[in-house]
Structure formats: structure tokens, C-alpha cells
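S.K.: all I have is the shape, not the residue letters:
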Ligand code: SAH
């Protein structure tokens with residue numbers, strides 16, 4: 001029995017699952033291994049996706065769930081010219097860093113690719129990924145005379161950290177189930193708890209499944225495009241304990257709606273907001289366009305450090321609030337503000353970093369491409385009484401050159417781009433604006449390394465701090481400090 005979705009569906013899609021291939025496809029190409037063949041090999045490395053890497057007769061195989069120094073038997077499931085993928089069959093000799101994954105659906109879920117690796121080693125692994133990328137892609141020296149890459153800042157307790165669950169709902173033997181999609185299917189594996197979710201989210205999802213089953217609410221059937229309840233989204237303010245329940249349905253009408261709401265209010269302590277979102281499209285996208293508040297407030301509140309945030313059903317908000325505080329603390333430290341600086345926060349989302357910086361800056365300019373996020377950012381600035389922040393909607397690479405043209409200058413520029421990294425035009429603008437400092441917050445070490453190489457033309461990359469925002473998964477977040485070097 002199982003339940004809460006550990007993370008967004010497909011959030012970690014490729015970290016722990018291996019592609020499948022027909023036997024004929026590989027045999028035809030005369031590869032050094034055959035599909036279905038069981039090979040014994042020693043694992044010598046860990047890929048950036050968290051799979052063990054080893055060689056069989058010189059041919060590289062990726063074996064998810066295998067660890068360096070281990071000898072394993074693995075079954076080849078996919079072969080390409082230069083490398084292949086194999087499923088772990090047996091651990092002949094286990095590594096000292098191996099731990100028993102505590103999650104009962106670890107093998108099937110694919111959300112956490114590193115649960116079998118001791119947490120202290122996960123942190124070492126993530127630091128090494130940053131170092132490898134900076135060396136290989138950025139061409140940087142690391143350590144003595146080069147960039148200092150600090151040990152990863154991890155969590156004391158690397159479990160139960162997620163403040164948001166998005167759980168698809170289905171049906172089994174007449175009852176509602178919710179959890180995650182089984183590999184390559186639309187079947188939902190039911191789970192009652194997800195070990196990286198805040199307990200509150202597990203509680204909310206279980207309560208909604210129980211109540212909706214009792215009231216005979218029909219779950220959505222993805223293939224037939226029938227039924228009502230598609231997803232339950234649960235959000236919790238880690239600091240405030242406030243909870244939001246979002247019911248995503250195919251239509252406005254919910255039978256026995258008032259009773260449903262009443263039962264949720266009774267059975268979920270701390271609930272402050274119950275919201276319905278309507279999505280009638282045939283799509284994997286979770287949210288539809290229409291959102292209605294069924295009960296209570298339309299937002300819940302939470303704090304990161306001293307700053308208060310209003311979170312609506314659809315707001316982007318960092319999912320690991322405890323580590324977000326660590327990450328933003330480092331960002332603020334690297335920005336080295338004294339109170340007189342003009343700062344730009346590019347890719348600012350709902351203004352979280354901007355407001356952190358605004359505590360110590362003269363002015364902060366935030367730019368972000370999603371209009372709703374900027375609305376939230378403005379609301380959050382007001383909520384906290386900040387009058388020294390200016391937010392603008394647009395692509396950072398278009399807005400920043402205009403700001404420069406209009407005479408905006410920046411002492412510090414902070415960037416926090418999505419996985420694909422910064423647009424080249426934005427990097428050029430930074431080089432032209434010549435801020436004293438650049439602080440680069442990154443969720444992808446390879447694009448970080450690529451972009452730092454461009455900025456290294458005028459900046460010294462002094463130090464990089466990896467921060468573990470997603471324990472037990474392969475994701476690596478880091479923040480880099482760059483100082484202007486041509487005076
Ligand atoms: N700094 C924020 C958000 C970082 S996520 C935080 O810490 O919460 C990256 C953000 O960049 C997203 O909000 C995304 O919508 C935005 N984005 C993506 N492309 C962009 C672009 N070209 N210009 C500005 N913002 C962009």
C-alpha cells in the first residue's frame with residue numbers, strides 16, 4: 001500500500017530507470033554484449049544520474065543501483081555502440097557505502113536514485129559532480145590556485161523535506177488510489193507514505209483518498225478520459241504548519257461538494273485553504289486554467305528566514321524550504337552587500353532571492369519571464385514592507401540590456417536560471433555592465449560550468465558551494481561567487 005507522489009511526475013525521470021530495447025535491435029548491430037545477457041563486472045564510477053559505471057570486456061555499462069567498488073551481476077537491457085545499460089541482478093560484493101534503501105517502493109518509483117548510497121557519500125558525490133563539470137566543461141583548475149569547491153552542505157535529516165506533493169488519483173477494486181505512475185504505463189501504484197515528503201502531505205493525500213472513496217467521487221481515468229478527480233496537490237508551510245489542499249478535477253461540479261469540504265476540514269488539522277482547479281484537457285500537465293477557492297484562504301503562508309511568503313495553488317515555491325534558507329544565505333553572503341548596492345536578480349521567480357537581497361541592498365531589480373510569478377513577487381514585497389525592489393516581467397536577456405540602456409547600473413548581479421542555463425545575450429550584458437560581483441545559483445552543474453567559462457573573461461570564479469536541495473535524488477544545486485578581475 002502506498003501513496004504520496006514523492007515529486008512531480010517525471011521530475012527525475014532518467015535518474016534511475018534504464019531504457020528498454022528489443023533484442024533484435026542490439027543483436028543486429030553486433031555489439032559486444034547481447035540483450036538479456038547477464039554479465040559480472042566491477043563498478044568503478046558513479047554517473048551524474050546516479051548509476052554505477054563499469055566495464056565488461058572494455059565495453060562501458062551503466063548499472064543503476066550499483067555503487068563504485070562493488071562487483072555485481074547485471075542483465076543487459078539496452079546496448080549502443082559505445083555503452084549500454086544493465087539491470088542489477090545480484091550484488092556479488094557490496095561496497096562499504098551501501099545502505100538499505102528505506103523506501104519500500106524504491107525500485108519501482110524512480111523518484112530517488114541515490115537512496116542506496118549513504119547520505120554522507122551522496123554529499124561527496126554531488127561535490128565531485130560539480131568539480132568534474134567545472135574541469136571538463138569549464139576548463140577550470142580546482143583547488144590550489146583555482147576554484148575552491150566546498151563540501152556539499154547537506155541536511156541533518158535528509159528525509160521528509162518536500163513541502164509539496166502532487167499525486168495522481170486512480171481506482172483499484174472500487175477504492176481510490178494515489179501514488180505514482182508505474183514505469184511506462186498509466187497504472188497508478190498506490191502508496192501511503194513517501195519518505196521525502198513532509199508528513200503533512202502524506203496525511204492530506206490519505207485523508208482525501210479516504211473521504212473521496214467514501215463519498216463515491218469518481219477518479220479520473222486517463223485512457224478513457226472519464227471520471228472527476230485527477231490529482232490531489234498538498235502544500236504545507238514548513239514554518240507555519242499551514243496546509244493547502246488542491247483538488248484537480250475534470251469539471252466544476254463536484255457531487256456532495258459541501259460534505260467533502262466539511263470532512264476535509266474536520267479530518268485535516270491545520271488546513272487553511274481548500275482549492276479546486278479544473279483541468280478538462282487530455283494532457284499530462286497537472287493544472288488547468290481555472291482555480292476556485294472552496295474553503296478558507298486562497299493562499300497559505302510560509303517563511304524563508306525572516307521573510308514571509310504567500311503561496312497560492314499554482315505559485316512556484318522552492319520545495320525544500322530548510323535548504324532554501326541555506327542556499328539563499330550563501331547567495332547573500334557571496335553578494336557581500338553593505339546596504340549601498342544596486343543589485344539585479346535575474347530569473348527571480350516569485351522574488352524569493354530578491355527579497356533576501358533587499359534586506360541588505362539599496363535597490364534590487366528582479367526580472368522573470370512568468371507574469372504570475374511577478375505578481376506573487378510584488379505581493380510578497382508588499383507583504384514584507386519592502387520598498388526598494390522593482391520587478392519586471394520579461395526575458396532576462398531582453399530586459400537587462402534595456403535596463404543598461406536606461407542607465408540602471410548594478411554592483412552585484414545574481415542569476416538563478418533554469419536547467420538550460422543563461423542565455424548568451426544575458427552573459428554578454430553582464431560582461432558589459434561590469435558588476436563588482438556575480439553570484440550564480442545553479443541547478444545544473446554542466447550549464448553552470450559552460451556559463452562560468454564565458455564570464456571568466458572578466459571575472460575570477462573564486463568559490464562554489466554545492467547545497468543539497470534534493471537529498472536522495474541525483475539533483476545537484478550550487479552557488480558560485482565571481483569577482484570582477486579587470487580593474
Ligand atoms: N530564483 C527563483 C526561481 C529560480 S527558477 C527561486 O529561487 O525561487 C528559474 C526561473 O527562471 C523560473 O521562475 C523561470 O520561469 C524563469 N525563467 C526561465 N527563462 C527565463 C528567461 N529567459 N528570463 C527570465 N526568467 C526566466
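M.R.: Cool, got the structure. Because the structure is predicted, anything quoted here is derived from the model rather than measured.

S.K.: quick one, what contacts residue 435?
M.R.: Listed by Cβ atoms under 8 Å, 6 or more residues apart in numbering, the contact set of residue 435 reads 344, 410, 411, 412, 413, 484. From N, CA and C alone the C-beta is placed, and that goes for glycine too.

S.K.: among those residues, which ones are buried?
M.R.: Burial by neighbour count, 16 or more other Cβ atoms under 10 Å: within the contacts of residue 435 this picks out 344, 410, 411, 412, 413.

S.K.: need those in a markdown table (columns: pLDDT).
M.R.: Below are the buried ones among the contacts of residue 435 laid out as a markdown table (pLDDT from 0 to 100):
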| residue | pLDDT |
| --- | --- |
| 344 | 98 |
| 410 | 97 |
| 411 | 98 |
| 412 | 98 |
| 413 | 98 |
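
S.K.: tabulate those residues (TSV), appending distance to residue 372 and secondary structure.
M.R.: Converted to TSV, the buried ones among the contacts of residue 435 look like this (distance: Cβ to Cβ, whole Å; DSSP: H, G, I helix; E, B strand; the rest coil):
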residue	distance to residue 372	secondary structure
344	21	strand
410	26	coil
411	29	coil
412	27	strand
413	24	strand
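
S.K.: now, which of the contacts of residue 435 sits nearest the ligand?
M.R.: Nearest to the ligand among those: residue 344, at 11.4 Å, using Cβ to the nearest ligand atom.

S.K.: does that closest one touch residue 414 like I think?
M.R.: Yes: taking Cβ atoms under 8 Å as the definition, residue 344 is a contact partner of residue 414 at 7.0 Å.

S.K.: run me through the strand neighbours of the helix or strand that residue 42 is a member of, direction for each.
M.R.: Following DSSP states H and E, one finds residue 42 within strand 38-46. Paired strands of strand 38-46, with direction, are strand 51-56 (antiparallel), strand 71-79 (antiparallel) (DSSP bridges).

S.K.: what's in contact with the longest one?
M.R.: Residues lying outside strand 71-79 but in contact with it, judged by Cβ under 8 Å, 6+ apart, are 18-21, 26, 29, 31, 33-43, 52, 54, 61, 63, 66, 84-93.

S.K.: narrow those to those that are buried.
M.R.: Using 16+ other Cβ under 10 Å, the buried members of the contacts of strand 71-79 are 18, 21, 26, 31, 33, 35, 39, 41-43, 52, 54, 61, 63, 66, 84-88, 91.

S.K.: out of those, list just those in strands.
M.R.: Judged by DSSP state E, the buried ones among the contacts of strand 71-79 include 39, 41-43, 52, 54, 61, 63, 84-88, 91 as members of strands.

S.K.: greatest separation within those: which pair is it?
M.R.: In these, the most distant members under the criterion Cβ to Cβ are 84 and 91, with 19.3 Å between them.

S.K.: ok, and the closest non-adjacent residue to residue 109?
M.R.: residue 180 (5.4 Å; Cβ to Cβ, 6 or more residues apart in numbering).

S.K.: each with direction, which strands does the helix or strand hosting that neighbour pair with?
M.R.: Residue 180 belongs to strand 175-181 when assigned by DSSP H and E. Partner strands and pairing direction for strand 175-181 (DSSP bridges) are strand 164-172 (antiparallel), strand 188-190 (antiparallel).

S.K.: and the helices in the stretch 151-300 of the chain?
M.R.: All helices of the stretch 151-300 of the chain, identified by DSSP state H, counting those that start in this stretch, fall at 199-214, 257-267.

S.K.: the longest one packs against which elements?
M.R.: In terms of contacts (3 or more Cβ pairs under 8 Å, 6 or more residues apart in numbering; DSSP states H and E), helix 199-214 is packed against strand 164-172, strand 175-181, strand 229-236, strand 243-249, helix 257-267.
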